[in-house]
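J.: output the structure for:
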Amino acid sequence: MGIGSIAVFLLFFAWPSQASEAEPALEDLFSAVNGSVVLVRTRERALVGNNNVGVVPFTDQGSGVLISEDGDVLTAAHLVQVADTVQVEFGDGTKVLAKIVSSEPAADLAMLRLERVPEGAVIAKMGNSDAVRVGQRIFVIGAPYGLSHTLTVGRISARRLPGTLGGPLALAEFFQADVAINRGNSGGPMFDMNGEVVGIVSHILSQSGAFEGVGFSVTSNSIRQLLLTPRTPWSGISVFGLDEKLAGIFNLPQDSGVLVQRVAAGSPGARLGLQPSYLPAKIGEHDILLGGDIILEVDGFQVGKFESYIALRDHLAEIEVGQTVAVKVFRQGRVIELTTTIEE
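T.: The predicted model follows:
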């Protein structure tokens, strides 16, 4: 065998096959997982004017992904947290009502349960986000500006550990990525090049309001830890935190609390009898509503502080159907106690 023949022999047998290491074609991956992605439509109420007479219904929309045969759909908490009704739409136009079964606003995560799973729906597989590396290719499927089942492609720019981004989303680990996401992508899946869900789209950083190359998705392992095992119950309320300084301004009998902003119809918060706020105001850079209940305690856990929130979160995750939850609120200068029984 000549030298040239030996060289060909070595190249053919000794080197790994390029075809075996190549990523699957993106168009094939899209076709395989697109059936798991849904458009999420919500109906809720917004305040117009300075009193509750001005509360009017409106709709919003985002994205989600089906992850179980039972009809569990992952999406973003900010999309559904105070929704009165939720409906999802699959790629073939099938529409299904859903209820919110779990939510973690401090990680911008929520879980929906479909009334039924349409025939032919694809179940997405959850991936291992710890195995994802900076620089790795990923893709997102969602509904930017309502344009459902839109594919965008990019790379992981950074991994942001819990508490490092600042703001209210302190519990979750995030992937920062340059993949294009816009309004309507929220709650949609980020897939790796194996077609597995490694993140759920949350938010962007932007000076213009449009995508500028900096987007964030909650990692799949954060989802497992914070939403799936165990599941955090959905409250159906949005709140504004009051620190020690604001607690003094509001004349609270303690150094923290949360001011109820909105309450979803039929939610645990509504059954409890929590009163939403109605008077627009501005505190620092925050546009908020005043006039609603201020929650002081839940089952003896003081609210409004991060440390107590973690303890309360763990407590609520262990509560079973039929148990009673007691909530102390500050309403019109008085402390009152509200109770409700946990329903399935």
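J.: how close does residue 120 get to residue 145?
T.: Distance, residue 120 to residue 145, using Cβ to Cβ, to the nearest Å: 27 Å. Backbone N, C-alpha and C define where each C-beta goes, glycine included.
J.: close enough to count as contact, residue 279 and residue 289?
T.: Yes: applying Cβ atoms under 8 Å, one finds residue 279 in contact with residue 289, separated by 6.2 Å.
J.: how about the nearest residue to residue 344, chain neighbours excluded?
T.: Distances taken as Cβ to Cβ, 6 or more residues apart in numbering place residue 321 nearest to residue 344, at 4.9 Å, with adjacent residues excluded.
J.: try residue 101
T.: Counting by Cβ to Cβ, 6+ apart, residue 113 is the residue found nearest to residue 101 once chain neighbours are left out, at 4.7 Å.
J.: can you verify that neighbour is assigned to a helix?
T.: No: the assignment for residue 113 (DSSP: H, G, I helix; E, B strand; the rest coil) gives strand, which keeps it out of a helix.
J.: which strand residues bridge it?
T.: Bridge pairing for residue 113 (DSSP bridges) gives the partners residue 72, residue 99.
J.: how near is it to residue 234?
T.: Using Cβ to Cβ, we find residue 113 at a distance of 11 Å from residue 234.
J.: try residue 296
T.: 21 Å.
J.: hmm, back to that, more neighbours, residue 113 and residue 234?
T.: Using other Cβ atoms under 10 Å as the criterion, residue 113 and residue 234 rank with residue 234 on top: 23 against 15.
J.: spatially nearest residue to that one (excluding sequence neighbours)?
T.: With Cβ to Cβ, 6+ apart as the criterion, residue 234 has its nearest non-adjacent residue at 4.2 Å, and that residue is residue 103.
J.: which element is that neighbour on?
T.: Per DSSP states H and E: residue 103 is located in strand 95-104.
J.: strands along the stretch 201-344 of the chain, start to end?
T.: For the stretch 201-344 of the chain, strands defined by DSSP state E, counting those that start in this stretch occupy the ranges 215-219, 237-242, 257-263, 279-283, 286-290, 294-298, 301-302, 324-331, 334-341.
J.: now the third one: average pLDDT?
T.: Right, strand 257-263. In this model, strand 257-263 has a mean pLDDT of 96.
J.: for the first one, same thing?
T.: Per-residue pLDDT values across strand 215-219 average out to 97.
J.: quick one: that strand to chain centroid distance?
T.: 10 Å (Cα atoms, centre = their mean, to the nearest Å).
J.: could you tell me the angle between that strand and strand 95-104?
T.: Angle of strand 215-219 versus strand 95-104, following axes from the mean of the first three to the mean of the last three Cα atoms, to 10 degrees, is 80 degrees.
J.: which residues of the stretch 1-150 of the chain fall in helices?
T.: Secondary structure of the stretch 1-150 of the chain (DSSP state H, counting those that start in this stretch): helices located at 3-13, 18-21, 26-33, 77-80.
J.: run a quick neighbour tally on residue 145.
T.: By other Cβ under 10 Å, 10 other residues sit near residue 145.
J.: report the separation between it and residue 320.
T.: Here the criterion is Cβ to Cβ. By it, residue 145 lies 42 Å from residue 320.
J.: try residue 43
T.: Residue 43 is 30 Å from residue 320, by Cβ to Cβ.
J.: among the two, which residue is more densely surrounded?
T.: Using other Cβ under 10 Å, the more surrounded residue of residue 43 and residue 320 is residue 43, with 14 against 7.
J.: so that one sits right up against residue 85, yeah?
T.: Yes: using Cβ under 8 Å as the test, residue 43 is close enough to residue 85 to be in contact (4.6 Å).
J.: ok, and the closest non-adjacent residue to residue 108?
T.: In this structure, residue 108 finds its nearest non-sequential neighbour in residue 202, 4.5 Å apart by Cβ to Cβ, 6+ apart.
J.: count of neighbours near that neighbour?
T.: Neighbours of residue 202 (other Cβ under 10 Å): 25.
J.: again with residue 314
T.: Other residues near residue 314 come to 12 when the count uses other Cβ under 10 Å.
J.: for it, give me its contacts.
T.: Residues near residue 314 by Cβ atoms under 8 Å, 6 or more residues apart in numbering: none.
J.: pLDDT wise, what is it at?
T.: For residue 314, pLDDT reads 88.
J.: the one 5 residues further on too?
T.: Looking at residue 319, its pLDDT reads 86.
J.: that one contacts residue 230, correct?
T.: No: the pair residue 319 / residue 230 is not scored as a contact, 10.2 Å apart, by Cβ under 8 Å.
J.: now residue 147. Nearest residue, chain neighbours left out?
T.: residue 184 (7.2 Å).
J.: against residue 140, how distant is that neighbour?
T.: Distance from residue 184 to residue 140, counting by Cβ to Cβ: 11 Å.
J.: the more surrounded of those two?
T.: Higher neighbour count among residue 184 and residue 140: residue 140, with 26 against 23, using other Cβ under 10 Å.
J.: beta partners of that one?
T.: Residue 140 forms beta bridges with residue 152, residue 190, as assigned by DSSP bridges.
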